[in-house]
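Participant: Below: sequence and its predicted model.
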Amino acid sequence: MSLFDLRDPGDLVAPLLVASFDGWVDAGSAATTAAGRLAEGAETIATFDADRLYDYRARRPTLEIVDGRPDRLTWPELTLRRAQFGERDLLILTGPEPDYRWHELEQAAVDLARRLEVATWISLGAIPAAVPHTRPVTILGTESRPGLLRGDVTAGPEGVLRVPSAAISVLDLAVSRAGLAAVGYYAQIPHYVTGDYPQASVELLRLVGQHLDREVAMGELRDDARRVLARLDAATAGDANTRAYVERLEAMVDEARGPAGDDLITEIERFLRDQGGSGERAPGT
């Protein structure tokens, strides 16, 4: 029994597929916000069997109650949508990260990509990191073979990095092993930020646009990014400990130190210690 229902999309022109899931590897909702922007006005061409993918106790449907009367349920769903950018077709796979059947899902992803003759698979994600909001967003890249990444993004970090995998990475690896061109763009989000971080969404969309050979319309994302950064600047200026911490992160970035592993742990511990265990949240919360 197929995990998805695919409608005939007609003829597709060198389609790119952009994939992102919420939850793990979507810090600041950066990746799903970018995918949602791409999917605005797009038609749904495939739906996945949500009953087989989701634990509704973990991802409960949203109930709308109007004037005391239960009115509407909105269920979690994973969909594939089609949009057109010039002469190119763009497919957007997005939704909550599935809870179940990851092995079946990776086979479904390969099947879909082959049937739709996907030219390039693009995974989008975002991870918390020891980086300051006062510097441009850093993007970590992955690629199934050299030369696929765009912009100034390079594959890395060097060496072996072992991390708990996200479902998006399971699919990325599956399509790569199936011989498809696949890249991943993962924005680094200041770990002290809670809530949305639209500046990273802007950067992810810029990179997708380079694969499409055209600029992606940002809508209100740039204005949203300016407002968030202004709030973070104000919060940082108002607390000496936080200001000193951000300055340390700035020095790390400016000196081209890789903010990973021991550096991240040390900096987080120092920041929490400097807060004196007051329980206060970091700027932007």
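Facilitator: Happy to help now that I have it.
Participant: quick one, helices of the stretch 1-150 of the chain?
Facilitator: Counting by DSSP state H, counting those that start in this stretch, one finds helices in the stretch 1-150 of the chain at the ranges 30-39, 50-53, 102-115.
Participant: mind putting the ones you listed in a markdown table, mean pLDDT, mean neighbour count and distance to Pro190 included?
Facilitator: Where C-beta positions appear, they are placed from N, C-alpha and C, glycine not excepted. Output for those, formatted as a markdown table (pLDDT from 0 to 100; neighbours: other CB atoms under 10 Å; distance: least, CB to CB, whole Å):
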| stretch | mean pLDDT | mean neighbour count | distance to Pro190 |
| --- | --- | --- | --- |
| helix 30-39 | 96 | 25 | 11 |
| helix 50-53 | 97 | 16 | 32 |
| helix 102-115 | 96 | 18 | 30 |
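Participant: Next, count neighbours for Val153.
Facilitator: 20 (other CB atoms under 10 Å).
Participant: Kindly report the same for Gly10.
Facilitator: Gly10, neighbours per other CB under 10 Å, totals 8.
Participant: And Leu229, by the same measure?
Facilitator: Close neighbours of Leu229, defined as other CB under 10 Å, add up to 16.
Participant: Next one: it from Leu73, what distance?
Facilitator: Using CB to CB, to the nearest Å, we find Leu229 at a distance of 37 Å from Leu73.
Participant: do the same with Arg135
Facilitator: On the measure of CB to CB, Arg135 and Leu73 end up 43 Å apart.
Participant: just Asp223 next, same as before
Facilitator: 33 Å.
Participant: re earlier: looking at the helices of the stretch 1-150 of the chain, which is nearest to Ile168?
Facilitator: Of all the helices of the stretch 1-150 of the chain, it is helix 30-39 that lies closest to Ile168, at 8.1 Å by CB to CB.
Participant: Tell me how far that closest one lies from the chain's centre.
Facilitator: 8 Å (CA atoms, centre = their mean, to the nearest Å).
Participant: Show me what that helix is packed against.
Facilitator: strand 16-22, strand 79-85, strand 88-96, strand 120-129, strand 181-190, helix 198-212 (3 or more CB pairs under 8 Å, 6 or more residues apart in numbering; DSSP states H and E).
Participant: Next, format those as TSV and append distance to Thr236 and mean neighbour count.
Facilitator: Shown next, in TSV, are these (distance: least, CB to CB, whole Å; neighbours: other CB atoms under 10 Å):
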stretch	distance to Thr236	mean neighbour count
strand 16-22	28	24
strand 79-85	37	19
strand 88-96	32	23
strand 120-129	17	24
strand 181-190	10	25
helix 198-212	15	23
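Participant: Generate JSON lines for these, with mean pLDDT and distance to Glu64 as supplementary columns.
Facilitator: JSON lines is the format used below for the helices and strands packed on helix 30-39 (pLDDT from 0 to 100; distance: least, CB to CB, whole Å):
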{"stretch": "strand 16-22", "mean pLDDT": "97", "distance to Glu64": "20"}
{"stretch": "strand 79-85", "mean pLDDT": "95", "distance to Glu64": "20"}
{"stretch": "strand 88-96", "mean pLDDT": "96", "distance to Glu64": "18"}
{"stretch": "strand 120-129", "mean pLDDT": "96", "distance to Glu64": "29"}
{"stretch": "strand 181-190", "mean pLDDT": "96", "distance to Glu64": "31"}
{"stretch": "helix 198-212", "mean pLDDT": "96", "distance to Glu64": "26"}
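Participant: Can you report how many residues neighbour Ser2?
Facilitator: When counting by other CB under 10 Å, one arrives at 10 neighbours for Ser2.
Participant: So it sits against Ala108, correct?
Facilitator: Yes: using CB atoms under 8 Å, Ser2 is in contact with Ala108, at 7.4 Å.
Participant: Looking at the helices of the stretch 1-150 of the chain, spot the one closest to Val66.
Facilitator: Here helix 50-53 is closest among the helices of the stretch 1-150 of the chain (CB to CB), at 24.1 Å.
Participant: List the neighbours of the closest one that are in contact with it.
Facilitator: Helix 50-53 is touched from outside by Leu3, Trp75, Pro76, Glu77, Leu78, Pro98, Asp99, Tyr100, Arg101, Glu104, Leu105, with contacts defined as CB atoms under 8 Å, 6 or more residues apart in numbering.
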